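S.K.: One predicted model, sequence on top.
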Amino acid sequence: MSELNNIALKILEKGKGILAADESTATMTKRLEGVNVTSTPENRLLFRETLFSSSSMTECIGGVILYDETIKQKSSKKNMIPELISKMGSYPGIKVDTGAKVLSGSPYEKITEGLDGLRERLKEYNHLGAKFTKWRGVFSISKNFPSKLSIHANAHALARYSALVQECNMVPIVEPEVLMDGEHSAKECYQKTSEVIKKCFEELILHKVDLKGIILKPNMILAGNKSKDKISNEEVAKLTLECLENSVPSEVPGIAFLSGGQSEIEATENLNLINKYNKTNFILSYSYGRALQQSALKFWSKNIQNVKGTQEIFNHREKMNTLADQGKWSNNLEI
């Protein structure tokens, strides 16, 4: 077993998932201002440290994706944040892309940037304690999109990123997100997600990326948020499994789903059914941001010094998703 394969498996072992706490300063500012909390470096750190020091970190979280600001901050006890996460039994990770910009040649689509200078930044992040990384490509569904250009360009970038990350002895999370924004059907989501994932692996193999040392972070198969043709949670689970089984090479050790705009309960319920129906050899886990943090953030905003109460809310959400990771969740367990 390679070192990277070992890290990937440990991040997702025993029902553990990944906490996506890699919101950019701009995104985190929107979230905090949305609950009437001033966005300062101190407040952003206070909320994140509250989560990172929760008991569920040890029981439920295998890895935490950080943002550039956070990986360089110190906790209230003067430990570096990656050290705090490691002490809680999780692996620190880092988002390394610099965001999605307009794609030249297709102005209504996006290309993720951040390859320039990436090798040097990876060395710095590795020195700061990061064991894995994340890069997100985004794809919209409409009559003409995603285009071949968008699929090829973003898959190519994901592969170049992954090769550089493994060169630096870290595990790359490969995140090709087909957005749920739009009127598209679940069938269209299935077709486009399959096309995107297959192209990503074509590029990963071309760039000699060790597939046993990556984690895939895909969307679930969902109808668009404006679609009139919604499908049941059972159909979401079955279509998602079918899509992945037909698109992802068997060497990949684990798949950690993004929540992608689903509510907390919806993301948990769909994950639970996916694991109930799973007959593949993939570990099927989660890498959630808002679907883990939203209730805790709302509670915390009422009194940002109420660490214990905030942690209780966060711990509950974590435990629900770890049960779902094993197909053992039910709605009557919710508060």
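M.R.: Sure, I can see it.

S.K.: just the helices in the stretch 151-300 of the chain please.
M.R.: Counting by DSSP state H, counting those that start in this stretch, one finds helices in the stretch 151-300 of the chain at the ranges 186-206, 233-247, 264-277, 290-302.

S.K.: quick one, which of those is nearest to Met28?
M.R.: helix 290-302 (10.0 Å; C-beta to C-beta). Just so you know, the C-beta spots here come from the backbone N, C-alpha and C atoms, and that holds for glycine as well.

S.K.: could you dump the closest one to PDB, C-alpha only?
M.R.: Below are the C-alpha coordinates for helix 290-302, written out as PDB (Å, rounded to 0.1, in the frame of the first residue of the first chain):
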ATOM      1  CA  ARG A 290     -22.800  24.200   4.500                       C
ATOM      2  CA  ALA A 291     -24.500  20.900   5.100                       C
ATOM      3  CA  LEU A 292     -22.400  20.400   8.200                       C
ATOM      4  CA  GLN A 293     -22.000  24.000   9.300                       C
ATOM      5  CA  GLN A 294     -25.200  25.900   8.700                       C
ATOM      6  CA  SER A 295     -27.200  25.100  11.900                       C
ATOM      7  CA  ALA A 296     -24.000  25.500  14.000                       C
ATOM      8  CA  LEU A 297     -23.400  28.900  12.400                       C
ATOM      9  CA  LYS A 298     -26.900  30.100  13.000                       C
ATOM     10  CA  PHE A 299     -26.700  29.100  16.700                       C
ATOM     11  CA  TRP A 300     -23.200  30.500  17.100                       C
ATOM     12  CA  SER A 301     -24.300  33.900  15.700                       C
ATOM     13  CA  LYS A 302     -26.600  34.500  18.600                       C
END
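
S.K.: so how far is Leu206 from the residue nearest to Glu49 when sequence neighbours are not counted?
M.R.: Excluding the flanking residues, the one nearest Glu49 by C-beta to C-beta, 6 or more residues apart in numbering is Ser75, at 5.4 Å. Per C-beta to C-beta, to the nearest Å, Ser75 is found 41 Å from Leu206.

S.K.: follow-up on the earlier one: would you turn the helices of the stretch 151-300 of the chain into a markdown table with mean neighbour count, distance to Lys134 and mean pLDDT?
M.R.: Listed next are the helices of the stretch 151-300 of the chain as a markdown table, based on neighbours: other C-beta atoms under 10 Å; distance: least, C-beta to C-beta, whole Å; pLDDT from 0 to 100:
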| stretch | mean neighbour count | distance to Lys134 | mean pLDDT |
| --- | --- | --- | --- |
| helix 186-206 | 20 | 14 | 98 |
| helix 233-247 | 18 | 19 | 98 |
| helix 264-277 | 21 | 18 | 98 |
| helix 290-302 | 20 | 15 | 97 |
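
S.K.: Could you dump those into a markdown table with distance to Ile335 added?
M.R.: Below are the helices of the stretch 151-300 of the chain laid out as a markdown table (distance: least, C-beta to C-beta, whole Å):
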| stretch | distance to Ile335 |
| --- | --- |
| helix 186-206 | 30 |
| helix 233-247 | 20 |
| helix 264-277 | 11 |
| helix 290-302 | 9 |
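
S.K.: quick one on the thing from earlier: next up, the contacts around the residue nearest to Glu49.
M.R.: Contact partners of Ser75, counting by C-beta atoms under 8 Å, 6 or more residues apart in numbering, are 45, 49, 52-53, 81, 84.

S.K.: if we go to 7 Å?
M.R.: Ser75 sits next to 49, 81, 84 when contact means C-beta atoms under 7 Å, 6 or more residues apart in numbering.

S.K.: Closest one of the residues you listed to Leu164?
M.R.: Ile81 (23.3 Å).

S.K.: thought that closest one was touching Thr70?
M.R.: Yes - here Ile81 reaches Thr70: they are 5.6 Å apart, a contact under C-beta atoms under 7 Å.

S.K.: Let me see the contact set for Ser56.
M.R.: With contacts defined as C-beta under 7 Å, 6+ apart, Ser56 is in contact with 314-315, 318-319.

S.K.: In helices only, show me those residues.
M.R.: Those of these mapping onto helices are 314-315, 318-319, per DSSP state H.

S.K.: got a list of contacts for stretch 163-170?
M.R.: Contacts of stretch 163-170 (C-beta under 7 Å, 6+ apart): 3-4, 118-119, 122-123, 126, 130-133, 172, 207-210, 213.

S.K.: Got a quick ChimeraX command for the buried subset of those residues?
M.R.: Buried residues among the contacts of stretch 163-170 (16 or more other C-beta atoms under 10 Å), as a ChimeraX selection:
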select :4,118,122,126,130,131,132,133,172,207,209,210,213
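
S.K.: Let me see the ranges of the strands in the stretch 101-250 of the chain.
M.R.: Here the stretch 101-250 of the chain has its strands, by DSSP state E, counting those that start in this stretch, at 106-112, 132-139, 171-178, 215-216.

S.K.: now the nearest residue to Val102 once chain neighbours are set aside: how far from Cys168?
M.R.: Of all residues not flanking Val102 in the chain, Lys110 sits nearest, at 6.8 Å (C-beta to C-beta, 6+ apart). Noted for Lys110: a distance of 26 Å to Cys168, by C-beta to C-beta.
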